[in-house]
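> Build me a model from this:
(one chain, ligands or ions: 2)
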Amino acid sequence: MASDPTAEQHRAHLAERGVSSAAATQVVPMPVSFDLNGKPVDIAAPPMRRLIDVLREDLGLMGTKEGCGEGECGACTVLLDDMPVNACLVPIAHCDGARVVTIEGVANEGVLHPVQAAFAKHGGAQCGICTPGMVVTAAWMVDHHVPAQLIRRVLAGNICRCTGYQAIVESVQAAIAAEQARNGGDEGGQGPGRPG
Ligand code: FES
Ligand code: FES
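Ligands and ions are numbered 1, 2, ... in the order given. Presented below is the predicted three-dimensional model:
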């Protein structure tokens with residue numbers, strides 16, 4: 001990807017001050033274009049800036065939450081090219097040309113995703129810190145027809161400190177059952193596991 005003149009000036013400025021080329025690469029903004037919740041986004045950001053910071057601080061999408069900040073809790077889960085990832089571990093450079101879906105993009109034109117409706121009905125949220133990540137992962141499960149017996153395994157990367165998980169699991173079970181009923185029966189299948 002070509003550097004813009006501003007980036008080149010920034011790089012030259014750092015070089016004058018003895019900053020190595022490798023170090024400058026970490027901090028000089030690069031253009032990044034991606035699809036965010038169905039809309040094109042063009043930004044300039046240092047390549048190692050975390051996706052969660054771009055979402056929350058640069059783009060104002062505060063739905064994605066930060067818990068641990070080190071890839072353990074899943075509070076920051078978003079979809080990157082249709083796979084759940086921890087946004088606190090993703091450098092924005094990896095998003096160039098990608099599709100990103102956050103909790104703000106899970107509902108469809110104001111209509112709740114079946115998982116969102118089930119969380120509301122079955123008490124799947126308490127403090128709500130884990131909820132955006134839980135819902136993004138669970139919605140991905142429903143959309144990919146992951147069987148209900150894998151709910152706990154797929155949600156293993158999303159930690160909740162409040163609910164004890166039972167209400168969350170029941171919410172996802174209800175959403176899967178509702179989708180199966182809507183689609184006319186049990187869809188079966190093994191379903192994908194959560195990516196590492
Ligand atoms: S904040 Fe990203 S995994 Fe915990
Ligand atoms: S609802 Fe509070 S951490 Fe899950």
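
> From here on, just use CA atoms for contacts and neighbour counts.
OK.

> If you count contacts, what does the lowest-mean-pLDDT helix or strand in the chain end up packed against?
In the chain, no helix or strand scores lower on mean pLDDT, DSSP states H and E than helix 21-27, which sits at a mean of 78. Packing partners of helix 21-27 (3 or more C-alpha pairs under 8 Å, 6 or more residues apart in numbering; DSSP states H and E): helix 5-16.

> What residues of the helix it packs on count as buried?
The neighbour-count check on helix 5-16 (16 or more other C-alpha atoms under 10 Å) flags 7, 11, 14 as buried.

> again, but for stretch 146-157
Using 16+ other C-alpha under 10 Å as the test for burial, stretch 146-157 gives 146-148, 150-151, 154-155, 157.

> Please apply the same query to stretch 13-30.
Within stretch 13-30, the residues that qualify as buried are 14, 24-25, 27-30, counting by 16+ other C-alpha under 10 Å.

> roughly how far apart are the spatially most central residue of the chain and Val106?
The centroid of the chain falls nearest to Val78 when counting by C-alpha atoms, centre = their mean (0.7 Å). Distance of Val78 to Val106, computed by C-alpha to C-alpha, to the nearest Å: 10 Å.

> and for the two, which residues touch both?
Val136 (C-alpha atoms under 8 Å, 6 or more residues apart in numbering).

> does whatever residue of the chain ends up closest to ligand 1 count as helix, strand or coil?
For the chain and ligand 1, the shortest gap (C-alpha to the nearest ligand atom) falls at Gly71, measuring 3.3 Å. Secondary structure state of Gly71, per DSSP: H, G, I helix; E, B strand; the rest coil, is coil.
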